[in-house]
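>>> take a look and give me a structure for this.
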Amino acid sequence: KGLGAPAGSLLVGPNDIITKARRIRKVLGGGMRQVGVLAAAGLRALDDFNVGILNYDHKRARYLAEAINELPAFQIDLNNIETN
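Alright, predicted model coming up:
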């Protein structure tokens with residue numbers, strides 16, 4: 001979700017890992033509906049990642065943390081702001 005995909009997650013790996021993950025998902029009751037739509041959103045998120053959108057997100061997270069830290073009721077360790 002840090003990449004901007006609307007739901008779920010993406011799993012990338014060799015065929016045997018994907019096959020095992022699908023089996024585990026089914027055993028735990030998970031189902032995949034409209035996987036093409038979610039896959040397309042995931043691919044778009046990866047494209048955005050390549051052009052630096054995640055880096056921009058990290059900068060916005062820092063900006064927000066700095067702004068919140070200026071409020072009297074909050075104290076944030078700005079050295080630990082690494083991600084959104």
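
>>> how about I81, nearest residue that isn't a chain neighbour?
A65 (4.6 Å; CB to CB, 6 or more residues apart in numbering). In this view, the C-beta of every residue, glycine as well, is placed from N, C-alpha and C.

>>> so where does that neighbour fall, helix or strand?
With elements taken from DSSP states H and E, the one containing A65 is helix 53-69.

>>> buried residues in that helix?
Residues 54, 57, 65 are the ones in helix 53-69 that count as buried (16 or more other CB atoms under 10 Å).

>>> what's the answer for stretch 20-40, then?
For stretch 20-40, a neighbour-count test (16+ other CB under 10 Å) marks L38 as buried.

>>> got the end-to-end distance for that stretch?
Distance across stretch 20-40, first residue to last, is 22 Å (CA to CA, to the nearest Å).

>>> secondary structure class for the residue nearest to I17 when sequence neighbours are not counted?
Residue nearest to I17 in three dimensions, not counting chain neighbours: L11, with 7.6 Å by CB to CB, 6+ apart. Following DSSP: H, G, I helix; E, B strand; the rest coil, we place L11 in the coil state.

>>> just the buried residues of helix 53-69: which has the poorest pLDDT?
On pLDDT alone, L54 ranks lowest of these, at 72.

>>> just to revisit the earlier point, export the buried residues of helix 53-69 to CSV and tack on distance to V35?
Shown next, in CSV, are the buried residues of helix 53-69 (distance: CB to CB, whole Å):
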residue, distance to V35
L54, 23
D57, 25
A65, 36
